[in-house]
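**Student:** I'll drop the sequence and a predicted model, then ask my questions.
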Amino acid sequence: MITITAPTEDDLEWKVSEMKKLLLSQDMNVCNCHFRGEQAFLSSLPLIAPEKKLYERSKRNLLTGGAASCYPFTSYEMCDDNGILLGVNKYNSSLIIVDIFNSAVYKNANMAILGTSGAGKTFTMQLMALRMRRKGIPIFIVAPLKGHEFHRACANVGGEFISISPASPHCINVMEIRRVDHTVSELLDGPGIQLSELATKIQRLHIFFSLLIPDMSHEERQLLDEAMIRTYNAKGITHDNASLEDPKRAGQYREMPVLGDLYEILKQSPDTLRMAHILNRLVNGSARTFSQQTNVSLKNKYTVLDISSLTGDLLTVGMFVALDFVWDRAKEDRTEEKTIFIDECWQLLSGAGATGTRLAGDFVLEIFKTIRGYGGSAVCASQDLNDFFNLDEGRFGKGIINNSKTKIILNLEDDEAMRVQDTLHLSDAEIMEIIHFERGNGLISTNNNNIMVEFKASPLEKDLITTDRRELRNIVNRLRQQENQTSAG
């Protein structure tokens with residue numbers, strides 16, 4: 001029994017018409033209570049006393065699936081203490097405040113943002129990043145596409161914008177073994193087992209080279225391993241961690257080898273000459289900035305790593321270099337909250353050979369599985385769900401989703417929505433909403449609660465993170481007007 005009220009007769013007729021359309025779209029039949037309005041009104045009151053004839057006429061047996069369609073959303077409230085404001089509930093206008101680091105409520109602080117192109121993934125990511133930063137949480141953003149969209153917000157909060165490209169002065173030495181501060185871990189656990197930092201680094205370098213040379217054979221992989229050890233040995237670095245210390249600079253590591261040093265060793269043998277030729281592009285070719293010492297820092301609490309200028313196989317390689325750099329920083333202090341944002345995560349799960357892509361997928365999955373143990377959060381955004389879920393029959397995509405306690409689903413195309421429905425076990429009503437979402441609306445799914453939210457940004461935040469062409473034009477016109485007024489004054 002549904003009672004509809006309105007201030008005027010015209011409004012009432014419109015509401016009745018819209019309600020009928022909504023119910024019919026959910027495969028529910030509806031009819032008016034003609035000539036029995038009084039009995040219908042009394043039956044709709046919260047007295048648990050329906051009029052007998054109306055009850056007999058309207059009752060029917062219902063399967064649980066049909067009953068569930070009348071209650072499409074599991075919860076209508078999400079308001080955590082000390083959280084960040086995401087927006088308002090679309091159905092009751094209550095505030096949506098989320099504290100993903102509250103371990104008493106959430107098993108992990110990871111999050112996955114899924115949506116089609118133009119649905120607002122980058123907007124949502126930056127909105128969260130800015131509000132986390134205002135809480136003092138260190139933020140690291142890896143941007144493989146349209147990195148310029150992150151620049152305005154980064155500059156406004158005094159962040160560090162690092163551009164990784166052949167034309168950029170910024171460089172991250174992929175062969176660098178970085179000093180990690182283990183002070184907190186030693187205070188908590190005491191002195192731990194000394195693992196070879198060289199061996200750990202070489203394991204990661206194998207992922208790098210599998211992305212760069214997807215068709216590398218097992219024999220070449222073994223020869224590459226030997227060449228890398230020789231390269232580090234030439235700098236005085238062995239499996240003994242004490243060898244990393246620079247005898248001339250107390251408290252600092254030795255100068256690290258670069259890809260150019262490895263290239264010189266690879267080209268000495270005919271068995272490794274093919275790998276040397278491929279590596280030559282990063283040493284003497286157009287991408288030779290990859291063969292320089294690191295000249296950037298991750299000490300800033302809002303850091304953006306822009307790799308959008310890289311194309312083809314270099315994009316996947318650059319994304320790995322950026323993640324490897326950030327991951328070392330994230331593991332330092334287990335008591336500090338921190339968040340790694342990975343935009344367009346599907347880029348790392350496609351485009352390389354099968355072996356390289358799987359190794360890269362394992363690396364990303366390792367971050368999502370273990371970052372909780374370091375007090376952190378990993379947030380990924382992806383638009384190409386077919387690539388995201390296809391590698392190894394969805395093992396990596398589903399692994400990332402399963403290790404993300406909180407999911408934000410923005411507008412999706414029909415086939416993508418069906419895939420998400422199977423993965424997240426959403427109802428047909430929720431999928432229908434997702435397919436018809438307007439930009440700025442989404443579904444938050446966490447702790448068995450599914451809530452429709454309208455994301456809200458302040459005017460300043462919107463100016464800093466919007467990617468809408470018309471809004472950007474208005475910002476440009478306003479800034480030009482301010483410049484003209486300043487010049488005239």
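**Tutor:** That came through fine.
**Student:** Please count neighbours and contacts with C-alpha atoms only from this point.
**Tutor:** Will do.
**Student:** and after the helix or strand where I434 lies, which helix or strand comes next?
**Tutor:** Using DSSP states H and E, I434 falls within helix 428-435. Remark: after helix 428-435, the chain's next helix or strand is strand 441-446, criterion DSSP H and E.
**Student:** in its sheet, what does the helix or strand just after that next one sit against?
**Tutor:** Tracing the chain C-terminally past strand 441-446 and defining elements by DSSP H and E, one meets strand 449-455 next. Partner strands for strand 449-455, per DSSP bridges, with pairing direction: strand 84-89 (antiparallel), strand 441-446 (antiparallel).
**Student:** Deepest-packed of those strands, please.
**Tutor:** Of all the strands paired with strand 449-455, strand 441-446 has the most neighbours on average by mean count of other Cα atoms under 10 Å, namely a mean of 23.
**Student:** quick one: it to chain centroid distance?
**Tutor:** In terms of Cα atoms, centre = their mean, to the nearest Å, the centre of strand 441-446 is set 14 Å apart from its chain centre.
**Student:** got the CA positions of it in CSV?
**Tutor:** What follows is strand 441-446, C-alpha atoms only, in CSV (Å, rounded to 0.1, in the frame of the first residue of the first chain):
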residue,chain,number,x,y,z
ASN,A,441,26.8,9.8,-8.3
GLY,A,442,27.9,6.4,-7.2
LEU,A,443,27.3,3.4,-5.0
ILE,A,444,29.5,2.7,-2.0
SER,A,445,29.7,-1.0,-1.1
THR,A,446,31.3,-1.9,2.2
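**Student:** what angle do it and helix 428-435 make?
**Tutor:** 130 degrees (axes from the mean of the first three to the mean of the last three Cα atoms, to 10 degrees).
**Student:** can you list contacts of strand 441-446?
**Tutor:** 405-411, 434, 450-455 (Cα atoms under 8 Å, 6 or more residues apart in numbering).
**Student:** so which of those residues is the most crowded?
**Tutor:** L410 (31 neighbours; other Cα atoms under 10 Å).
**Student:** what does the model give L224 for pLDDT?
**Tutor:** L224 is assigned 96 on the pLDDT scale.
**Student:** Might one say that it is in contact with T272?
**Tutor:** Yes - if you go by Cα atoms under 8 Å, L224 and T272 touch, sitting 7.5 Å apart.
**Student:** S94: how many residues sit nearby?
**Tutor:** S94 sits with 15 neighbouring residues when counted by other Cα under 10 Å.
**Student:** State the distance from the closest residue to it other than its chain neighbours to E454.
**Tutor:** The shortest distance from S94 to any non-neighbouring residue, by Cα to Cα, 6 or more residues apart in numbering, is to V88 (5.5 Å). Distance, V88 to E454, by Cα to Cα, to the nearest Å: 5 Å.
**Student:** Can you classify I162 as helix, strand or coil?
**Tutor:** strand (DSSP: H, G, I helix; E, B strand; the rest coil).
**Student:** Could you check which helix or strand contains the most centrally placed residue in the chain?
**Tutor:** Nearest to the mean C-alpha position of the chain, by Cα atoms, centre = their mean, lies C380 at 1.6 Å. Assigned by DSSP H and E, C380 falls within strand 376-382.
**Student:** Pull that strand out as CSV, backbone CA atoms only.
**Tutor:** Taking C-alpha atoms only, strand 376-382 is exported to CSV below (Å, rounded to 0.1, in the frame of the first residue of the first chain):
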residue,chain,number,x,y,z
GLY,A,376,48.5,2.0,4.8
SER,A,377,45.8,2.0,2.2
ALA,A,378,45.8,1.2,-1.5
VAL,A,379,43.2,2.8,-3.8
CYS,A,380,42.9,1.8,-7.4
ALA,A,381,40.7,3.2,-10.1
SER,A,382,39.9,1.5,-13.4
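**Student:** can you tell me which residues contact N386?
**Tutor:** N386 neighbours (Cα under 8 Å, 6+ apart): E416.
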